[in-house]
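*Asks:* how would this look folded up:
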Amino acid sequence: MSALGPIDYAVLFLYFAASLAVGLWFGRGERTTRDFFLGGKRQHWLLAGISIIATEVSALTVVGVPADAFKGDWNYLQMYAGAFTGRMLIVYMLLPAFYGGDVTTVYEYLGQRFGLATRVTASLMFLASRIIGSGIRLLAASLAVAVVFDWPLVWVVIATAGIAIAYTTFGGIKAILWTDALQAAIFLLGPAALDVFLLYHIPGPWTDNLSAANDAGKFKVFTWDANLNNEKSFWVLFIHATVLNMAALGTDQDLTQRMLTCPDLRRGQRSLIFNACMGLPVVCLFLLLGTVMFAFYHSRSELSLPPDVLDHTDRIVPHFIATILPTNWGLKGLLIAAIFAASMSSLSSALGALSSTVVTDLYRPWVTRSNERHYLFVARLATFLAGVILAGVAIAFSGHNELLWQAFKWVGLIFGGMLGVFLLGVTTKTRGHDVINVLAMLSSTAGLVVLKGVQDSSGQVYIAWPWWVVIGTAWTYLLAVCFRTNMWDRLSSRSNQSHQPT
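*Replies:* Sure, this is the predicted structure:
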């Protein structure tokens, strides 16, 4: 068990107290679902941009990205080029459509554009992707804390989820935005402080140690390979990251909800442009941590990682915190707080997005009441139940390794179908066929699930996972565009004419 000193406990206590205080203070005064889900559309673009960063940087990033750099190199950074491109496409393609429809959730836009069936199906697909993705993120944070303290994983999952549920259920999106800003500061400060600590304590000049890491290939970024099934190739990851980020930030209510809290389109676009520019230094910070950890162990031959830690890469950073960091300096408490902050910011955001989708897209269209208090009560109840479900998913995935890449693979099965129909909405002018859209989305996901199952079981058919979301998007779009309403009506008209007597 890792011992914590009074200063470490004080840091943790101050973090939790500050999170609750900020959440309760800024989350007060919620009287309508528009307040609860969108903050009255009065939030500053900078706050929204910081909140997007906090939502994206989950515990998977804090423990997974450094571990990836520790065992490998900076190959993960290749995805930034696609991430930036995907965000710019959202700024100029999707956000104008969402603000033009004055929507609470992005799936309302699909209802306006195509019909209720497309809206409900996309909402259910989002719920599935977000429950899986956020459950894995919750597990990553809980696993880190469980390793540090040698606590039962199940109870850590329950406790972590419970804290986030408390202030999210009370304050809605305003509580989420402001606690996200606090938590972003914590999970960026922690790795930065650890980088400085390690560079200071590595024997010899830090420049020499970083040069040694460079000689070992730890700073390698690009893999120029024409093999389309190479999961580390720049071109494969660039295309994957572009499509995935369009899906994640343009069709996933979890992230899009922040942009929609801004008063108008211009400021909503500004929040995402800020986020796109800040993504590079944030990713480099976490990659640098993994490289500096490698240099530390490389320079200390008497230290080594146990085989079970090396086999489970998501335990590398927690093991380092537990065994290497000094007790009662406050640094160990800060790093644990950073893991909690990354987890709680992503978890609270997921709870807000899940509840807004359930109430706005799945409940309100069927239960028509004039009393706004009723919908606000349902929103808070949905927030609580979503937290319980996410905790269950986290426990169910506890046996998986390399959680960072597991999350990418699972959401890639679903995001393609969602993005395909959104692109259909903004790139075509015809009404579209509601039922065909649903069939296109469902067949896309079903086909990819079958493909994954075949690959996992036999290995005879192999398509690298970065292509899954691309294939899903293309399939959905092409199938739906081939059966738009005007084409459907034209085919029906020709069929009727051919059967008329001459």
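
*Asks:* Now do the contacts for residue 157.
*Replies:* Going by C-beta atoms under 8 Å, 6 or more residues apart in numbering, residue 157 touches 138, 139, 142, 391, 394, 395. C-beta: built from backbone N, CA, C; applies to glycine.

*Asks:* What strand or helix carries the third one?
*Replies:* When you say that, I think you mean residue 142. Assigned by DSSP states H and E, residue 142 falls within helix 116-149.

*Asks:* do the fifth one as well
*Replies:* Here residue 394 is covered by helix 372-396, with elements defined by DSSP H and E.

*Asks:* List the buried residues for that helix?
*Replies:* By neighbour count on 16 or more other C-beta atoms under 10 Å, the buried set for helix 372-396 is 375-376, 378-380, 382-383, 386-387, 389-391, 393-395.

*Asks:* Counting by contacts, list what it packs against.
*Replies:* Judged by 3 or more C-beta pairs under 8 Å, 6 or more residues apart in numbering; DSSP states H and E, helix 372-396 is in contact with helix 33-38, helix 116-149, helix 153-201, helix 331-357.

*Asks:* Residue 299 is nearest to which of these?
*Replies:* helix 153-201 (9.5 Å; C-beta to C-beta).

*Asks:* Off-centre distance for the closest one?
*Replies:* How far helix 153-201 lies from its chain's middle: 15 Å, per C-alpha atoms, centre = their mean, to the nearest Å.

*Asks:* now do stretch 70-79
*Replies:* On C-alpha atoms, centre = their mean, the centre of stretch 70-79 falls 18 Å from the chain's centre.

*Asks:* Tell me where this protein is predicted with low confidence.
*Replies:* Within the chain, the segments meeting pLDDT under 70 span 1-3, 59, 369-370, 399-411, 456, 458-461, 484-502.

*Asks:* Next one: residue 345 from residue 254, what distance?
*Replies:* Separation of residue 345 from residue 254 (C-beta to C-beta, to the nearest Å): 11 Å.

*Asks:* Of the two, give the one with the bigger neighbour count.
*Replies:* The residue with more neighbours, out of residue 345 and residue 254, is residue 345; 30 against 25, by other C-beta atoms under 10 Å.

*Asks:* residues touching that one, list them.
*Replies:* Residue 345 touches 51, 54, 55, 57, 58, 179, 180, 183, 184, 187, counting by C-beta under 8 Å, 6+ apart.

*Asks:* swap in residue 177?
*Replies:* With C-beta under 8 Å, 6+ apart, residue 177 has these contacts: 26, 39, 43, 47, 48, 51, 258, 261.

*Asks:* top of the residues you listed by neighbour count?
*Replies:* residue 258 (33 neighbours).

*Asks:* Name the helix or strand for that one, please.
*Replies:* helix 253-259.

*Asks:* Dump that helix to PDB, keeping only the CA atoms.
*Replies:* Coordinates of each C-alpha in helix 253-259 appear next as PDB, following Å, rounded to 0.1, in the frame of the first residue of the first chain:
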ATOM      1  CA  GLN A 253     -23.700  15.400 -27.400                       C
ATOM      2  CA  ASP A 254     -21.000  15.000 -24.700                       C
ATOM      3  CA  LEU A 255     -18.700  17.500 -26.400                       C
ATOM      4  CA  THR A 256     -21.000  19.400 -28.700                       C
ATOM      5  CA  GLN A 257     -23.100  20.400 -25.700                       C
ATOM      6  CA  ARG A 258     -20.300  22.800 -24.500                       C
ATOM      7  CA  MET A 259     -20.300  24.700 -27.800                       C
END
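
*Asks:* any idea which helix or strand comes after it?
*Replies:* As assigned by DSSP H and E, the chain's next helix or strand after helix 253-259 is helix 265-299.

*Asks:* Tell me which residue is most central in the protein.
*Replies:* Closest residue to the average C-alpha location of the chain: residue 56 at 4.8 Å, with C-alpha atoms, centre = their mean.

*Asks:* got the contact list for the residue nearest to that one when sequence neighbours are not counted?
*Replies:* Of all residues not flanking residue 56 in the chain, residue 255 sits nearest, at 7.2 Å (C-beta to C-beta, 6 or more residues apart in numbering). Residues in contact with residue 255 (C-beta under 8 Å, 6+ apart) are 52, 55, 56, 248, 249, 349, 353.

*Asks:* about what we covered before: specify which member of the contacts of residue 345 is nearest to residue 105.
*Replies:* residue 55 (15.7 Å).

*Asks:* Assign the closest one to helix, strand or coil.
*Replies:* helix (DSSP: H, G, I helix; E, B strand; the rest coil).

*Asks:* so how far is residue 233 from it?
*Replies:* Taken as C-beta to C-beta, the span from residue 55 to residue 233 is 28 Å.

*Asks:* which one of the two has more residues nearby?
*Replies:* residue 55 (31 against 22).

*Asks:* Now do the contacts for that one.
*Replies:* Taking C-beta under 8 Å, 6+ apart, one finds 180, 254, 255, 258, 345, 346, 349 in contact with residue 55.

*Asks:* Give me the neighbour count for residue 477.
*Replies:* Per other C-beta under 10 Å, the neighbour tally for residue 477 reads 22.

*Asks:* before we move on, what about the one 5 residues further on?
*Replies:* Around residue 482 sit 12 other residues, with neighbours defined as other C-beta under 10 Å.

*Asks:* do the same with residue 13
*Replies:* 12.

*Asks:* tell me which element it falls in.
*Replies:* Short version: residue 13 belongs to helix 6-26, going by DSSP H and E.

*Asks:* Could you do residue 73 as well?
*Replies:* Residue 73 belongs to no helix or strand, assigned by DSSP H and E.

*Asks:* Contact partners for it?
*Replies:* Counted by C-beta under 8 Å, 6+ apart, residue 73 has contacts 217, 218, 219, 220, 221.

*Asks:* likewise residue 66?
*Replies:* Residue 66 neighbours (C-beta under 8 Å, 6+ apart): 191, 286, 287, 289, 290, 293, 316, 317.

*Asks:* The strand or helix carrying residue 443 packs against which elements?
*Replies:* If you go by DSSP H and E, residue 443 is part of helix 434-457. The elements that helix 434-457 packs onto, with contact taken as 3+ C-beta pairs under 8 Å, 6+ apart, are helix 116-149, helix 403-427, helix 468-482.
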